[in-house]
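Participant: Could you look at this predicted model? Sequence included:
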Amino acid sequence: MPVNLSSNGIPAILAGDMNSKPLLQILDIKPINSSQERYRLILSDSVLTQQTMLATQLNDRVKNGAVRVGSVVQLIEYICSTVQNRKIIVVLNMETIIPECEIIGNPKMLTESDTISHNPPPNGISHHTPPPSNHRPNPTNIQTFRPTVQPPYQPPPIYKPHGAITKNEAPPRIIPITALNPYQGRWAIKARVTAKGDLRRYNNAKGDGKVFSFDLLDSDSGEIRVTCFNSVVDRFYDTIEVGKVYIISKGSLKPAKKNFNHLNNEWEIFLESSSTIDLCTDEDSSIPQQQFSFKPISEIETLENNSIIDIIGIVTSVNPSVPILRKNGMETQRRILTLKDQSSFSVELTLWGDFCNREGQTLQELVNSSLTPVLAVKSGKVNDFTGKTIGTLSSTQLFIDPESSEADNLRSWFNTRGKNVISQSISRETGSKTETRKTVSQIKDEGLGRSEKPDWVSIKATLIFIKTDNFCYTACPLTIGDRKCGKKVTKSGGLKWQCDRCNKEFEECDYRYLLQCQVQDHTGLTWVTAFQECGEEILGCPAKELYVMKYEEQDDERFEELIKSRLFAEVIFKLKIKEEVYGEEQRVKITVVKVDKVDYASNTKFLLDLIKMKR
């Protein structure tokens with residue numbers, strides 16, 4: 001029997017009929033030259049043809065041959081948008097009815113007159129043109145074909161004029177997050193907020209501004225980030241709550257910045273003044289509370305700096321929370337803990353701010369009680385300043401002993417054999433995968449720092465001298481993106497400071513440590529350099545406080561007493577050693593990356609193990 005495509009199917013779609021499921025044939029498939037992989041199709045209803053776009057989630061059907069030239073398909077879900085005064089059909093979902101068939105009818109390319117005046121024939125009679133005499137449909141395909149019966153297309157009713165006609169104010173259809181694309185005109189998504197970032201202020205060439213973002217997850221496991229700027233922040237920042245479900249519509253889609261956004265979506269939503277957010281009062285159990293994409297700790301070592309990832313591990317140690325002075329002069333808290341997993345590697349996790357006193361304090365109490373909790377980290381940031389570590393962001397979420405299969409498997413592994421596995425660290429805690437303890441004389445004798453990559457070692461030594469003439473420098477306090485500038489600034493005449501990098505003036509500057517210190521062990525002595533955080537660990541106070549004491553209060557006696565009080569204490573210095581060029585001369589620079597008190601029990605064990613190795 002002949003194959004009847006949906007009569008008037010293409011004009012019906014272009015006229016706004018989004019509910020029918022027309023039967024159409026594919027006449028051509030071509031890839032589109034763009035930043036992402038996309039395909040353009042030419043669809044036919046046997047009378048007219050129309051170019052369409054294939055949603056990226058259907059790309060695999062082209063690649064595996066499920067749809068090809070000649071296929072008869074039924075459109076299940078689709079949208080029609082106007083781009084540059086042209087109507088574009090985007091196919092979101094479809095079913096293949098006949099994998100391959102000869103061309104049906106004698107279709108022609110649709111014109112503007114077809115979209116306006118093309119009406120269905122009376123009594124539902126098809127405009128189908130009889131096939132030419134040489135047309136021979138595949139009899140096998142025809143016998144098995146059971147096309148879905150489509151109701152005849154009904155043109156929209158004609159209304160009598162009653163003044164100006166307004167836009168269609170009917171609510172847009174709710175579509176899956178995975179179906180979002182920049183070609184849509186009206187859309188809505190229903191999703192749960194899984195993370196909400198802090199409100200941040202910034203300063204750039206366009207002036208001052210503020211921004212915040214939040215992450216969404218829907219019932220089809222689609223994820224996307226939403227970002228708001230300036231006046232839109234004022235509308236929605238207090239509205240958004242983590243865990244709540246919202247219907248969101250009217251926003252623009254732009255490519256996601258993968259350096260800061262690890263969600264599995266190539267797009268990011270930017271809300272505008274016309275955007276709407278409506279809270280769903282009824283709980284929707286079809287939408288998960290959270291979704292993870294865990295990376296084994298062993299893979300973190302190969303990831304790029306600033307990557308955003310999810311990890312899960314057993315908490316094996318938790319350090320006390322310590323105060324840290326940020327680059328903007330504000331004090332915050334820092335707490336460091338260690339995670340290990342089945343990959344037999346461990347990583348250092350740094351908690352910042354409120355995480356230290358919330359989840360951090362809970363974890364410390366559990367570990368102090370000889371318990372080993374499981375910790376899942378959502379959206380942690382990879383850092384590689386001294387080995388690979390993970391740090392928290394404002395959008396990071398921590399889950400202690402979560403209920404999940406990954407947590408159950410990790411707990412089972414640890415209880416059966418994992419507690420006896422010695423994990424290799426990829427973090428600065430040990431400088432490399434295994435701790436390398438050296439003496440001062442070995443740094444020179446072994447030529448450390450002269451290879452292509454820096455050497456990371458630790459020494460047990462005594463701080464014997466600190467240069468005090470230039471112990472800190474004046475730094476720019478302005479924010480570039482999400483980081484402080486931190487470059488050296490100078491007085492620009494009068495009382496204001498000038499930053500050449502930011503090309504701005506300001507009344508107050510930051511003060512940052514740049515300590516030159518001499519350390520000594522039983523084999524010799526050497527000079528090391530300590531920057532901001534390590535400087536605070538050595539001297540025990542912010543650089544600004546010491547600067548005011550010496551240069552503004554001119555309390556030299558108190559200043560000298562403070563410096564002397566920090567000398568002659570034996571500590572563990574963790575060092576980065578690298579050869580650098582100064583002018584035309586090459587010098588080995590030794591930088592302090594961490595300062596720890598000596599744990600004499602573990603240090604004694606280290607020395608005993610060293611003796612055993614040399615026997």
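Facilitator: Here it is on my side, so go on.
Participant: CA only for contacts and neighbour counts going forward, please
Facilitator: Fine.
Participant: Report the contact partners of residue 31.
Facilitator: Residue 31 makes contact with 37-40, according to CA atoms under 8 Å, 6 or more residues apart in numbering.
Participant: Is it possible to mark the buried ones in these?
Facilitator: By neighbour count, with 16 or more other CA atoms under 10 Å, those hold 38-40 as buried.
Participant: which among those gets closest to residue 374?
Facilitator: The closest of the buried ones among the contacts of residue 31 to residue 374 turns out to be residue 38 (CA to CA; 41.4 Å).
Participant: Okay, and the most centrally placed residue in the chain sits in which element?
Facilitator: Most central in the chain under CA atoms, centre = their mean is residue 261, positioned 2.4 Å from the mean C-alpha point. According to DSSP states H and E, residue 261 maps onto no helix or strand at all.
Participant: Lowest-confidence entry in the buried ones among the contacts of residue 31?
Facilitator: Lowest in pLDDT among the buried ones among the contacts of residue 31 is residue 38, which has 80.
Participant: Beta-bridge partners for that residue, please?
Facilitator: Beta bridges link residue 38 to residue 32 when assigned by DSSP bridges.
Participant: ok, and the closest non-adjacent residue to residue 356?
Facilitator: Excluding the flanking residues, the one nearest residue 356 by CA to CA, 6 or more residues apart in numbering is residue 335, at 5.7 Å.
Participant: and the one you found, what does it touch?
Facilitator: Contacts of residue 335 (CA under 8 Å, 6+ apart): 318-322, 350-352, 356, 360.
Participant: Confirm it sits in a strand?
Facilitator: Yes: judged by DSSP: H, G, I helix; E, B strand; the rest coil, residue 335 forms part of a strand.
Participant: how much space between it and residue 320?
Facilitator: 6 Å (CA to CA, to the nearest Å).
Participant: for residue 573, same thing?
Facilitator: 19 Å.
Participant: This protein: helices as residue ranges?
Facilitator: With helices called from DSSP state H, the chain shows them at 9-14, 59-63, 112-117, 139-144, 231-236, 297-300, 354-357, 359-368, 405-416, 440-445, 532-539, 543-547, 556-565, 600-614.
Participant: out of those helices, deepest packed?
Facilitator: Greatest average neighbour count among these goes to helix 9-14 (a mean of 22), per mean count of other CA atoms under 10 Å.
Participant: and that one, what other elements does it pack with?
Facilitator: Packing partners of helix 9-14 (3 or more CA pairs under 8 Å, 6 or more residues apart in numbering; DSSP states H and E): strand 48-54, helix 112-117.
Participant: Could you list the single helix or strand in the protein with the lowest mean pLDDT?
Facilitator: One helix or strand of the chain scores below all others by mean pLDDT, DSSP states H and E: helix 139-144, with a mean of 39.
Participant: Check which residues of stretch 375-392 are buried.
Facilitator: For stretch 375-392, the neighbour count (16+ other CA under 10 Å) marks 375-384, 386-392 as buried.
Participant: quick one: average confidence on it?
Facilitator: Rounded mean pLDDT across stretch 375-392 is 86.
Participant: That stretch: how far from the chain's middle?
Facilitator: 12 Å (CA atoms, centre = their mean, to the nearest Å).
Participant: Restrict it to CA atoms and write it as PDB.
Facilitator: Taking C-alpha atoms only, stretch 375-392 is exported to PDB below (Å, rounded to 0.1, in the frame of the first residue of the first chain):
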ATOM      1  CA  LEU A 375      32.400  13.100  52.700                       C
ATOM      2  CA  ALA A 376      30.900  14.000  49.300                       C
ATOM      3  CA  VAL A 377      32.100  17.300  47.800                       C
ATOM      4  CA  LYS A 378      29.900  18.900  45.100                       C
ATOM      5  CA  SER A 379      31.700  21.500  43.000                       C
ATOM      6  CA  GLY A 380      35.200  21.600  44.500                       C
ATOM      7  CA  LYS A 381      37.900  23.600  42.800                       C
ATOM      8  CA  VAL A 382      41.200  22.000  41.700                       C
ATOM      9  CA  ASN A 383      44.400  24.000  42.700                       C
ATOM     10  CA  ASP A 384      47.900  23.100  41.700                       C
ATOM     11  CA  PHE A 385      50.100  25.600  43.300                       C
ATOM     12  CA  THR A 386      52.000  23.000  45.400                       C
ATOM     13  CA  GLY A 387      50.700  19.700  44.100                       C
ATOM     14  CA  LYS A 388      47.000  19.100  43.500                       C
ATOM     15  CA  THR A 389      44.500  20.100  46.200                       C
ATOM     16  CA  ILE A 390      40.800  20.700  46.300                       C
ATOM     17  CA  GLY A 391      39.300  23.900  47.700                       C
ATOM     18  CA  THR A 392      35.700  25.000  48.500                       C
END
